[in-house]
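Chemist: please work out how this folds:
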Amino acid sequence: MSNIQHFGQTAKGEDVAVIALSKGDISCKVLSFGATIQSLTVPDRNGQSLDIVLGYDSIKEYETLDAYLGAVVGRYANRIAKGKFSLNGKEYSLAINNGPNHLHGGIVGFSYKVWTIEDAGEDFVKLSLESADGEEAYPGNMKLTVTYTLENSSLSIHYEAVSDADTVCNLTNHSYFNLAGHSSGSALKQELKLNAEFYTPTDADSIPYGELSPVAGTPMDFREFTKLGERIDSDFIQLVQGNGYDHNYVVDGEVGQLRPAATARCAESGICMQLETTQPGVQLYTANYINEGRPGKGGAAYGPRHAFCLETQHFPDSPNKPNFPSAVLKAGEKYDHTARFIFSVE
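Modeler: Sure thing, here's the model as predicted:
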């Protein structure tokens, strides 16, 4: 199709495609590498198109730089403590790639794989991947698809997966949003509202203790619109440890039902973004560890807190926390989750 172009080649010589999607006044580009959202363009209040996600111009940058900009991460997004979990009486040892823990599927997770384009049209693309039993030490042969669809001023992401053996599965998209435009610098003046009465506090290595703590009366409270930077430097142990927000929030409502999780807005551009999810949680990350001056798309220079992530997910370390919603995917059962980003202007 004419909207599928060559983007580059990996270090191994694999061809990477870029798929350009558009519907109405929204457009985005998706890479077959990592099923990555490379750009997402929406109109501001003046009708000007703004690209609101951080990204790179070359495949080499996606391969060699950290931070997972725009990628689908898995087999298990977020952290698993000490890279270990038990399933059906057997202990599995995963790669340690984030301090003492396992992060985002390991050394070569789904974000570093070239996906297959299963189907595509002007406003959607369906990408697939096969993950072999034992890959990154996870059990089960897993087949998964991610479908991006533009419709009615929204971008939806539909994740599906099946495995031939019991395994753990937690997929998310790791886009970094800046509603004033990807190259506009700090995002700390942008406002966020989270439909979450509780969050999961963590230790110094970002592993949840296992409890759900109320946000009320703490700098973690985003139940009303609050600027991202308003309390980010508070002398509050959770924010000090994480150098800002890097926390899982417990989304109000019934898990499995598509329901409102968050709304972000930018006074400068007028862009408003609502997020809906079927997942139990959403990780708020304020790009605390993007190094200053990191080269981005079109000559942009990125830095810490220049964006925010809203990663819909199972809670971190769920395989080791029996009181958290289970992230076990039983053999033959279907993992089926959706996230939807809805855009408007104020």
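
Chemist: CA only for contacts and neighbour counts going forward, please
Modeler: Noted.

Chemist: wait, V72 touches T172, no?
Modeler: Yes - using Cα atoms under 8 Å, V72 is in contact with T172, at 5.6 Å.

Chemist: neighbour-wise, which of those two wins?
Modeler: T172 (30 against 27; other Cα atoms under 10 Å).

Chemist: give the bridge partners for V250, please.
Modeler: V250 has these beta-bridge partners by DSSP bridges: F198, G281.

Chemist: so it versus L129, what's the distance?
Modeler: Applying Cα to Cα, to the nearest Å, the value for V250 to L129 is 29 Å.

Chemist: more crowded one of these two?
Modeler: V250 (26 against 20).

Chemist: that one contacts E211, doesn't it?
Modeler: No - at 11.0 Å, V250 does not count as touching E211 under the criterion of Cα under 8 Å.

Chemist: overlap in contacts, those two.
Modeler: Taking Cα atoms under 8 Å, 6 or more residues apart in numbering as the contact rule, V250 and E211 both touch T200.

Chemist: give me the phi and psi for the residue nearest to S93 when sequence neighbours are not counted.
Modeler: Of all residues not flanking S93 in the chain, K84 sits nearest, at 4.7 Å (Cα to Cα, 6 or more residues apart in numbering). Backbone geometry at K84, expressed as degrees, to the nearest 10, gives phi -130, psi 140.

Chemist: what's the burial count for K84?
Modeler: 17.

Chemist: residues in contact with it?
Modeler: Here K84 is in contact with 91-94 (criterion: Cα under 8 Å, 6+ apart).

Chemist: swap in P316?
Modeler: Contacts of P316 (Cα under 8 Å, 6+ apart): 77-80, 207-208, 248.

Chemist: checking it next. Helix, strand or coil?
Modeler: Assigned with DSSP: H, G, I helix; E, B strand; the rest coil, P316 falls in the coil class.

Chemist: correct me, but N101 touches F85?
Modeler: No - the criterion here is Cα under 8 Å, and N101 misses it with F85 at 11.4 Å.

Chemist: JSON lines for the contacts of K84, including distance to Q274 and pLDDT?
Modeler: Formatted as JSON lines, the contacts of K84 follow (distance: Cα to Cα, whole Å; pLDDT from 0 to 100):
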{"residue": "E91", "distance to Q274": "39", "pLDDT": "98"}
{"residue": "Y92", "distance to Q274": "37", "pLDDT": "98"}
{"residue": "S93", "distance to Q274": "37", "pLDDT": "98"}
{"residue": "L94", "distance to Q274": "35", "pLDDT": "98"}
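
Chemist: paired strands for the strand ranked longest in the chain, with orientation please.
Modeler: If you go by DSSP state E, the chain has its longest strand at strand 334-345. If you go by DSSP bridges, strand 334-345 pairs up with strand 154-163 (antiparallel), strand 271-277 (antiparallel).

Chemist: so can I have CSV of these showing mean neighbour count and mean pLDDT?
Modeler: Formatted as CSV, the strands paired with strand 334-345 follow (neighbours: other Cα atoms under 10 Å; pLDDT from 0 to 100):
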stretch, mean neighbour count, mean pLDDT
strand 154-163, 20, 98
strand 271-277, 22, 98
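
Chemist: which among those is found nearest to A196?
Modeler: strand 271-277 (12.5 Å; Cα to Cα).

Chemist: for G70, pull up the helix or strand it's in.
Modeler: Using DSSP states H and E, G70 sits in no helix or strand.

Chemist: from now on call the first residue 26
Modeler: Got it, first residue is 26 now, which makes that one G95.

Chemist: that one against Q63, yeah?
Modeler: Yes - in this structure G95 lies within contact range of Q63 using Cα under 8 Å: 6.2 Å.

Chemist: helices of the stretch 226-371 of the chain, start to end?
Modeler: Along the stretch 226-371 of the chain, counting by DSSP state H, counting those that start in this stretch, helices occupy 262-267.

Chemist: run a quick neighbour tally on the nearest residue to G134 once chain neighbours are set aside.
Modeler: Nearest residue to G134, sequence neighbours excluded (Cα to Cα, 6+ apart): G99, at 5.8 Å. Look at G99: counted by other Cα under 10 Å, it has 23 neighbours.

Chemist: tell me the contacts of G99?
Modeler: So G99 contacts 129-130, 134-136, 194-197 (Cα under 8 Å, 6+ apart).

Chemist: tell me how far F366 lies from P350.
Modeler: Taking Cα to Cα, one finds F366 at 23 Å from P350.

Chemist: can you tell me how far L46 is from L79?
Modeler: In terms of Cα to Cα, L46 sits 17 Å off from L79.

Chemist: show me which of those two is the more surrounded one.
Modeler: Between L46 and L79, counted using other Cα under 10 Å, L79 has the larger neighbour count: 25 against 22.

Chemist: from N177, how far out is that one?
Modeler: Distance from L79 to N177, by Cα to Cα: 23 Å.

Chemist: T243 now?
Modeler: Here the distance between T243 and N177 works out to 36 Å (Cα to Cα).

Chemist: ok now do the residue nearest to L175 when sequence neighbours are not counted, which residues does it touch?
Modeler: Excluding the flanking residues, the one nearest L175 by Cα to Cα, 6+ apart is D148, at 5.3 Å. Contacts for D148 (Cα under 8 Å, 6+ apart) come out as 46-48, 174-176.

Chemist: could you redo the last one with a cut-off of 6 Å?
Modeler: For D148, the contacting residues are 46-48, 174-175, by Cα atoms under 6 Å, 6 or more residues apart in numbering.
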